[in-house]
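[1] pasting the structure only:
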């Protein structure tokens, strides 16, 4: 018996990218987020068949099809529910949940809070463009109250949702902000999120060049967070509440133990469920 | 653009140059794919051509260095003068109705940034071998600038209303 392991080929970002061409608008920030995800997976060197990318509905939720990983393009706002179930049932998998601000903070807002609270070991990547792009430009939870357009004349007048603070308050153990204009830096942050043992929330500022062309300026506004990540949630909350919204980096990395299914519970086979519910 | 950090060895410098070319290949490929999906085939073909050129430059670096395998990508924390490599056009600078002239303008900007970058590195480095290589690459990028300029002479300048879409995605356009 030969006990010398064959050398394993190093995986590169292209190994995680499928042949399906994205149908996003040319110029969309989601292109570089896709690239950052594949680069992050190459940094972590996890095989594609051990990764599941789960999404909801929206432009950014198309991402699973553009990777060579297992994918699940789910129901609007329910990506975290599906991703949580998958991770609990298959803790051996690396689970990435992806989506946009409307999917994650509005339709899926409740799932977002409870996923943070549960602290299941998965990585939630939100491509935030402050607008519902797929449905032609309605205001989303993160839209500025004074964003004036034909669909919300004079702006909605409604205070914007602050996802990072909500995530922190709800119990996420890793909170970061990234920018699609900095794909290499974003890849590093995603890799850190994947390696973090717990719920890692990564908010990526990803401009919608069609409905929010002014967001092209974001790439000139973002800057590295001037301080190291903290494990003190109170300090992190103060920083996040008072920053300019363009601090990039890991802003909080706590040590709360990730949720795992209690030992002793055996997983039931699909046939068992069928017997119970489908007969 | 902040001042570049000069690599101390030729190997590291050429790995950096290689990474720059590969990032340009990746971006031009993304642009070509996006344009194909949006049925802008002329510009898609142009971006595909640019990706091929950059790919050849990367292969040239491999050959010059005698590398059998691509060098590892720059380590985490490696900083280009900006968020992306100088020869990489920012993702948001394309438009689905753009014309070959626009694509060439983007290529021109990329080559000019690369030329400036290598020139700055040549000045900043304390290594003679890095300085020589940087000057060589700067001269190559200058040649590319001139080639793109010559190419630009051959394509029509777009009309002022090139971005007008009779069926725009935004209803307030």
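    All right, it came through fine. Bear in mind the structure is a predicted one, so any value in this text is a computation, not a measurement.
[2] Buried residues in the longest helix along chain B, which are they?
    Across chain B, the longest stretch assigned as helix under DSSP state H is helix B:10-37. Burial within helix B:10-37, assessed by neighbour count using 16 or more other CB atoms under 10 Å in any protein chain shown, is assigned to B:10, B:12-37. Just so you know, the C-beta spots here come from the backbone N, C-alpha and C atoms, and that holds for glycine as well.
[3] now do stretch A:228-239
    A:229, A:230, A:233, A:236, A:237, A:239.
[4] where exactly do the strands run in the stretch 1-150 of chain A?
    For the stretch 1-150 of chain A, the strands defined by DSSP state E, counting those that start in this stretch cover A:51-55, A:70-73, A:94-100, A:123-128.
[5] ok, which pair from the buried residues of stretch A:228-239 is furthest apart?
    A:229 and A:237 (13.2 Å; CB to CB).
[6] if we can go back for a sec, now mean neighbour count, mean pLDDT and distance to chain B too, for the strands of the stretch 1-150 of chain A, in JSON lines please.
    Supplementary listing: the strands of the stretch 1-150 of chain A in JSON lines, determined by neighbours: other CB atoms under 10 Å in any protein chain shown; pLDDT from 0 to 100; distance: least, CB to the nearest CB, whole Å:
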{"stretch": "strand A:51-55", "mean neighbour count": "26", "mean pLDDT": "98", "distance to chain B": "19"}
{"stretch": "strand A:70-73", "mean neighbour count": "17", "mean pLDDT": "97", "distance to chain B": "18"}
{"stretch": "strand A:94-100", "mean neighbour count": "29", "mean pLDDT": "98", "distance to chain B": "17"}
{"stretch": "strand A:123-128", "mean neighbour count": "28", "mean pLDDT": "98", "distance to chain B": "13"}
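[7] Show the contacting residues for the residue most central in space within chain A.
    Nearest to the centroid of the C-alpha atoms of chain A, with distances taken as CA atoms, centre = their mean, sits residue A:125, at 0.9 Å. The contact partners of residue A:125, taken as CB atoms under 8 Å, 6 or more residues apart in numbering or on different chains, are A:33, A:37, A:96, A:97, A:98, A:99, A:190, A:193, A:202, A:204.
[8] The residue most central in space within chain B: what's it in contact with?
    Averaging the C-alpha coordinates of chain B gives a centre point, and the residue nearest to it by CA atoms, centre = their mean is residue B:87 (3.0 Å). For residue B:87, the residues meeting the contact criterion (CB under 8 Å, 6+ apart) are B:20, B:21, B:23, B:24, B:54, B:110, B:111, B:113, B:114, B:117.
[9] right, and out of those residues, which lies closest to chain A?
    Proximity to chain A was ranked across these by CB to the nearest CB; first place goes to residue B:23, at 8.4 Å.
[10] what pLDDT does the closest one get?
    According to the predicted model, the pLDDT of residue B:23 comes to 95.
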